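> my questions are about this predicted structure, shown below with the sequence.
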Amino acid sequence: MKRKPKIGLLPLYLKLYDDTMPERRAGFEPFLKTVRMAFEKRGIETVPGEVCRLRSEFKRAMTRFEQQDVDCLVTLHLAYSPSEESAPVLAASRLPILMLDTTMDAAFGPATAPSRIMYNHGIHGAMDLACLLRRQGKTFEIVAGHAGNRKVMDRAADVARGLTAARYLRETRALRIGKAFSGMGDFAVAETVLRAKLGVQVKTIGAGLVGGEARKVSVSEIEAELKADLKRFRRLASDESHRRSVRVSLGLRRLLDRGGYDAFSMNFLAFRGGAGSAESVPFLEASKSMARGIGYAGEGDVLTASLVGALARAFGKTTFTEIFCPDWRGNSLFLSHMGEINPEMAAAKPWLIEKPFPFTPAENPAVLACAPQPGPATYVNLAPGPNETFTLIVAPVRVLADTKRADMKKSVRGWIRPVSGSVADFLEAYGRAGGTHHSALVAGDRTEAVAAMARALGVECRIIMCRD
């Protein structure tokens with residue numbers, strides 16, 4: 001499911017310069033290569049476009065970008081470029097736009113030679129284009145600064161990922177196994193609304209289909225997966241519980257692969273064992289799927305599962321999570337869930353344990369137990385609002401060090417702290433925004449990028465930065 005985000009890099013120029021100073025064009029080639037390589041270095045696949053000056057050239061470039069299936073367009077003004085040549089074409093495209101407002105030289109002070117004007121005046125072309133795109137109702141993002149500045153290009157790559165995440169969400173095919181957990185109303189959104197407002201398509205099946213596919217899994221497939229697990233995880237679970245969890249996990253994987261699903265959610269109460277269901281809940285596959293870039297959320301929550309998948313494919317390390325308990329004294333929040341966490345985020349090699357399962361007649365599953373790696377992260381929630389609206393709630397946080405308690409090590413756990421303000425401030429702001437109890441945790445500070453994602457989706461964004 002994973003692939004690199006892909007951008008189309010569109011250089012803008014002026015035909016008049018080619019007519020009167022054709023030799024100047026070659027001077028921009030190293031600059032173009034520098035920008036392209038800066039994106040590639042940050043894991044962004046870059047499709048270079050021809051240098052465009054006239055409307056016909058912009059049309060040709062946009063056709064190529066769409067044929068190459070790029071996720072977003074990055075414009076780069078090499079010099080002034082009249083916006084009436086480009087804006088109508090860009091405004092008509094389905095592609096989201098990031099304007100990289102930069103120049104060749106980092107300095108242009110009083111000592112600068114006048115010959116450098118030619119290579120550093122593209123920013124007023126960017127102003128021209130930004131004004132016209134806004135007047136034509138086309139939303140866009142803009143990142144300004146020198147392309148040689150690491151932080152500038154980090155921001156540009158992140159915003160491009162945010163625009164990519166918006167596309168991934170709109171194109172999500174989500175699978176729900178069993179009915180949504182009865183009474184959980186915060187994430188309950190009609191499938192017709194998910195399709196109309198977010199583009200998410202949902203299919204619901206029973207757990208019996210998972211069990212049926214699990215019974216088709218061969219012994220050799222199971223053995224290969226067991227062997228791989230023993231390399232990736234530290235096993236405490238019995239061979240029996242591990243084996244049955246792998247069997248049902250591979251059955252679920254078959255369904256996900258065959259249906260081309262980008263996300264899934266399951267109600268653990270739908271798994272009841274016996275011939276009509278599956279012998280245990282595939283929590284293990286939920287964790288492994290997130291590592292492959294497939295979204296997941298518990299209890300039939302396809303809304304959050306779709307969000308997790310879009311973020312995972314755009315940004316990498318992302319996991320489904322819930323805030324369980326407040327640590328008022330320590331000013332942190334405890335994260336956990338029954339048995340689902342992305343092992344790519346683990347601070348240490350995850351334990352594979354057998355988890356008691358008293359809720360249905362299904363057999364005990366094998367699940368992963370670990371804590372996320374400490375450091376900057378972003379807590380993201382997609383909250384349904386009144387009149388079929390949505391709010392993307394974003395909070396920069398810090399993941400704290402893992403517990404030293406041995407009895408807590410056999411569970412999914414983690415502690416986060418808001419980057420500013422108290423836990424009480426955070427919870428108040430989160431409640432006022434209508435945040436649900438299911439969310440995503442993304443490694444790194446992706447606040448600006450997720451805000452760009454919200455704008456591309458056309459939904460409200462609420463960034464929680466509490467008072468200190």
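Right, received. Where do you want to start? Computed from a predicted model, the values in this text were never measured in an experiment.

> give the contact list for the most centrally placed residue in the chain.
By C-alpha atoms, centre = their mean, the chain has its centre lying nearest to residue 311, at 1.2 Å. Residue 311 makes contact with 165, 295, 318, 380, 440, 442, 446, 450, according to C-beta atoms under 8 Å, 6 or more residues apart in numbering. No exception for glycine: its C-beta is placed from N, CA and C like everyone else's.

> what are the bridge partners for the residue lying closest to residue 140 once chain neighbours are set aside, then?
Residue nearest to residue 140 in three dimensions, not counting chain neighbours: residue 97, with 4.0 Å by C-beta to C-beta, 6 or more residues apart in numbering. Residue 97 has these beta-bridge partners by DSSP bridges: residue 73.

> which pLDDT value belongs to residue 467?
Per-residue pLDDT puts residue 467 at 61.

> please read the previous query as pertaining to residue 142.
98.

> next one: the one 3 residues further on
What the model reports for residue 145 is a pLDDT of 97.

> show me what contacts the residue nearest to residue 140?
72, 73, 74, 75, 90, 133, 138, 139, 140, 141.

> so the first one sits right up against residue 8, yeah?
Yes: under the criterion of C-beta atoms under 8 Å, residue 72 lies in contact with residue 8, with a separation of 7.5 Å.

> shared neighbours, the two?
residue 95.

> still on that earlier bit, in space, what's closest to the residue nearest to the centre of the chain - neighbours in sequence excluded?
residue 318 (4.5 Å).

> identify the bridge partners of that neighbour.
residue 442.

> now residue 397
residue 377, residue 418.

> measure it to residue 311 for me?
According to C-beta to C-beta, to the nearest Å, residue 397 and residue 311 sit 15 Å apart.

> ends of stretch 210-221, what's the gap?
Using C-alpha to C-alpha, to the nearest Å, the end-to-end distance of stretch 210-221 comes out at 16 Å.

> same check on stretch 191-210?
Span of stretch 191-210 from end to end, C-alpha to C-alpha: 22 Å.

> mean confidence (pLDDT) on it, please.
Here the average pLDDT along stretch 191-210 is 96.

> stretch 148-165 now?
For stretch 148-165, mean pLDDT is 97.

> what residues of the helix or strand harbouring residue 62 count as buried?
Using DSSP states H and E, residue 62 maps to helix 55-67. Neighbour-count burial for helix 55-67 flags 57, 58, 59, 61, 62, 65 (criterion: 16 or more other C-beta atoms under 10 Å).

> what does that helix rub up against?
With C-beta under 8 Å, 6+ apart, helix 55-67 has contacts from 8, 10, 47, 49-50, 52, 73, 85-86, 88-90, 93-95.

> now do the contacts for residue 456.
96, 139, 141, 162, 163, 166, 167.

> show me how to select, in ChimeraX, the buried members of those residues.
Restricted to buried positions by 16+ other C-beta under 10 Å, the ChimeraX selection for the contacts of residue 456 reads:
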select :96,141,162,163,166,167
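
> and the contacts of residue 456, which of them are in helices?
Using DSSP state H, the subset of the contacts of residue 456 located in helices is 162, 163, 166, 167.

> with the residues you listed in mind, which one is nearest to residue 329?
Using C-beta to C-beta, residue 162 is the member of those that sits closest to residue 329, with 35.5 Å.

> gap between the closest one and residue 120?
Distance of residue 162 to residue 120, given as C-beta to C-beta: 28 Å.

> what does residue 131 give?
Applying C-beta to C-beta, the value for residue 131 to residue 120 is 21 Å.

> more neighbours, the two?
Taking other C-beta atoms under 10 Å, residue 131 and residue 120 do not tie; residue 120 has more neighbours (18 against 12).

> and the gap between the residue nearest to that one when sequence neighbours are not counted and residue 124?
Leaving aside its chain neighbours, residue 120 sits nearest to residue 103 (4.2 Å; criterion: C-beta to C-beta, 6+ apart). As judged by C-beta to C-beta, residue 103 and residue 124 stand 11 Å apart.

> same thing with residue 251?
Counting by C-beta to C-beta - residue 251 and residue 124 are separated by 60 Å.

> these two - which one has more neighbours?
Shown here are residue 251 and residue 124; by other C-beta under 10 Å, residue 251 has more neighbours (23 against 12).

> can you get me a residue count around the closest residue to the more buried one other than its chain neighbours?
The shortest distance from residue 251 to any non-neighbouring residue, by C-beta to C-beta, 6+ apart, is to residue 214 (3.0 Å). Residues near residue 214, counting by other C-beta under 10 Å, number 25.

> ok, residue 219 next?
Per other C-beta under 10 Å, the neighbour tally for residue 219 reads 9.

> separation between it and residue 247?
For residue 219, the distance to residue 247 equals 10 Å [C-beta to C-beta].

> before we move on, what about residue 217?
Distance from residue 217 to residue 247, by C-beta to C-beta: 5 Å.

> just residue 281 next, same as before
12 Å.

> more neighbours: which of the two?
residue 281 (36 against 26).

> and that one, what helix or strand is that in?
Going by DSSP H and E, residue 281 is not part of any helix or strand.
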